[in-house]
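A.B. asks: structure of the sequence below:
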Amino acid sequence: MFNEVYLMMHLALIPVFITEFHLTLFQVSFIATVPTAVGILMNIAAGYLVDKISAKPLLVLGLVVQALGGFTVSQSSSFELLMLGLTCIGISNPLYHNPGLSTISKSLSDRDLIKGAGIHAASGSVGIAMGLFGLSLFLVYNQWRLAYLVWTVPFLVWAVLLLRVKMVTPPKNKEQKFDGINNDGQLLNKAFIFFLITLGLSQAGTAVIQTFMTTYMVLGRGLPEATASLIFTLGPLISITGALFSGYFGGRLGDFKMLMLMIGITSISSILLPITPTALLLTVVFASFTFFSCTVWPPLNSMTASLTPVKKRGLAYSLSQTTFQAMSALSPPLAAKLIESSSLTMMFPFSFLLLLASMVALRKTRIK
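C.D. replies: Coordinates of the predicted model:
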């Protein structure tokens, strides 16, 4: 929950950053790209370390680095200092996700894994909502920097408390099975490679809209910045239910069918966004988009575990997180260039095509 508090705040603040730091749309796209790119460099190292040492030191370090990043952003007087703080926050992401997801996948039975992944995703959504809701309140008083500063203390307190936590031990002889696939110890099998392509394309499709949605609301639809931020906050609030929904029904439908269905509905929501005639309908469709885009994470995280050997689980999550972050870094600048050469509304068909492509790749995963 704490790890995700800052996750989307900088995206909601893009219109503010454009005004305060006098940025072009292409320049501001690097606010989403650079921290993610730096985090990618940390991913493989974090995955290797979690397979070799305890997960606890990495979890504690991630919280401390995140607090440092939040403090730096709150005190930034230039675009360079702002980027430094956001980059620290980006570095903290793999320091949590690789040891965290690896620990969860090893400590739960195969049967309970997708349900646990749903609870895990819901906790992250709670954190995102907390951060965005606080940001909306501070924006009313034009004090966006305080939205970063106030969280530094609970991050550090939680890091200290985490030092006292006894980590769970994986059950002995935990076997991994997934719809007839033989888990023979090979990490980069054909199914997992196509799965990574699916993850990357689906993330690119959602990242395009998430990055520029508040910009579209303010510049394209004429909504006030505080209102746009509040609407943006509704998505994570609703996605808390979405994650739990996905964990429950994913256990009934199976990971593959659940993932295919959720990506399909997300793609439909993306193409409906620009044709909503009122702010109310825009809010409803955006909430739907965020709800279903969040539901992909329980089956994605569960499938990462099911398609990879237990002894290489940290590295497997590193590869999935690297793919996720790489597409999060690459898609905003590409979308920004497309938008600058056409219009803001072009990001919606671009997102739709990426999501459709991810469904095609998922079918090639050949899960039987």
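
A.B. asks: show me where this structure dips below the pLDDT cut-off.
C.D. replies: Low-confidence regions of the chain, defined by pLDDT under 70, span residues 51, 110-111, 167-187, 236, 366-368.

A.B. asks: could you pull out the strands for it?
C.D. replies: Secondary structure of the chain by DSSP state E: no strands are present.

A.B. asks: in it, where's the longest helix?
C.D. replies: Secondary structure assigned by DSSP state H gives helix 110-140 as the longest helix of the chain.

A.B. asks: tell me how many other residues surround L280.
C.D. replies: A count of nearby residues for L280, using other CB atoms under 10 Å, gives 9. Heads up, the C-betas are built off the backbone N, CA and C, glycines and all.

A.B. asks: could you do S74 as well?
C.D. replies: Other residues within reach of S74, judged by other CB under 10 Å, total 17.

A.B. asks: tell me the contacts of it?
C.D. replies: If you count contacts by CB atoms under 8 Å, 6 or more residues apart in numbering, S74 has them with G85, R145, L146, Y148, L149, T152.

A.B. asks: now with 7 Å, please.
C.D. replies: Contacts here follow CB atoms under 7 Å, 6 or more residues apart in numbering; on that basis S74 touches R145, Y148, L149.

A.B. asks: if I look at the nearest residue to A37 once chain neighbours are set aside, how far off is S302?
C.D. replies: In space, not counting the residues next to it along the chain, A37 is nearest to A329; the distance is 4.6 Å by CB to CB, 6 or more residues apart in numbering. To S302, A329 is 25 Å away according to CB to CB, to the nearest Å.

A.B. asks: contacts only, for the nearest residue to A121 once chain neighbours are set aside.
C.D. replies: Spatial nearest neighbour of A121, excluding adjacent residues (CB to CB, 6+ apart): A243 at 3.6 Å. With contacts defined as CB under 7 Å, 6+ apart, the neighbours of A243 are G118, A121, A122, S125, C294, T295, W297, P298.

A.B. asks: my guess is the last one contacts A122, does it?
C.D. replies: So that's P298. No: P298 is beyond contact range of A122, at 9.0 Å (criterion: CB atoms under 7 Å).

A.B. asks: who has more neighbours out of the two?
C.D. replies: P298 (33 against 23).

A.B. asks: which stretches in the stretch 251-368 of the chain count as helices?
C.D. replies: Applying DSSP state H, counting those that start in this stretch to the stretch 251-368 of the chain gives helices spanning 255-272, 279-294, 297-306, 313-341, 347-363.

A.B. asks: nearest to L68, out of those helices?
C.D. replies: Among those, the nearest to L68 by CB to CB is helix 313-341 (19.6 Å).

A.B. asks: would you mind pulling up the elements that that closest one packs against?
C.D. replies: Applying 3 or more CB pairs under 7 Å, 6 or more residues apart in numbering; DSSP states H and E, one finds that helix 313-341 contacts helix 25-52, helix 79-107, helix 190-215, helix 297-306, helix 347-363.

A.B. asks: ok now the last one, how far from the chain's centre?
C.D. replies: Helix 347-363 has its average C-alpha position 17 Å from the chain's average C-alpha position, going by CA atoms, centre = their mean, to the nearest Å.

A.B. asks: that helix packs against which elements?
C.D. replies: Contact here means 3+ CB pairs under 7 Å, 6+ apart; on that basis helix 347-363 packs against helix 190-215, helix 255-272, helix 313-341.

A.B. asks: may I have it as PDB, with CA atoms only?
C.D. replies: Coordinates of the C-alpha atoms in helix 347-363 are reproduced here as PDB (Å, rounded to 0.1, in the frame of the first residue of the first chain):
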ATOM      1  CA  MET A 347      -4.000   8.700 -27.900                       C
ATOM      2  CA  PHE A 348      -7.200   6.800 -27.500                       C
ATOM      3  CA  PRO A 349      -7.100   4.800 -30.800                       C
ATOM      4  CA  PHE A 350      -3.400   4.300 -30.200                       C
ATOM      5  CA  SER A 351      -4.200   2.700 -26.800                       C
ATOM      6  CA  PHE A 352      -6.900   0.600 -28.400                       C
ATOM      7  CA  LEU A 353      -4.600  -0.900 -31.000                       C
ATOM      8  CA  LEU A 354      -1.900  -1.700 -28.400                       C
ATOM      9  CA  LEU A 355      -4.400  -3.500 -26.200                       C
ATOM     10  CA  LEU A 356      -5.700  -5.500 -29.200                       C
ATOM     11  CA  ALA A 357      -2.200  -6.500 -30.100                       C
ATOM     12  CA  SER A 358      -1.700  -7.700 -26.500                       C
ATOM     13  CA  MET A 359      -4.700 -10.000 -26.900                       C
ATOM     14  CA  VAL A 360      -3.200 -11.500 -30.000                       C
ATOM     15  CA  ALA A 361       0.100 -12.100 -28.200                       C
ATOM     16  CA  LEU A 362      -1.800 -13.700 -25.300                       C
ATOM     17  CA  ARG A 363      -3.300 -16.300 -27.600                       C
END
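
A.B. asks: quick one: it to helix 255-272, angle?
C.D. replies: For the pair helix 347-363 and helix 255-272, the angle between their directions (axes from the mean of the first three to the mean of the last three CA atoms, to 10 degrees) equals 160 degrees.

A.B. asks: of the helices and strands packed on helix 347-363, which approaches R363 most closely?
C.D. replies: Distances from R363 to each of the helices and strands packed on helix 347-363 were compared using CB to CB; the minimum, 7.8 Å, belongs to helix 255-272.

A.B. asks: any buried residues in the longest helix of the chain, and which?
C.D. replies: For helix 110-140, a neighbour-count test (16 or more other CB atoms under 10 Å) marks 113-118, 120-122, 124-139 as buried.
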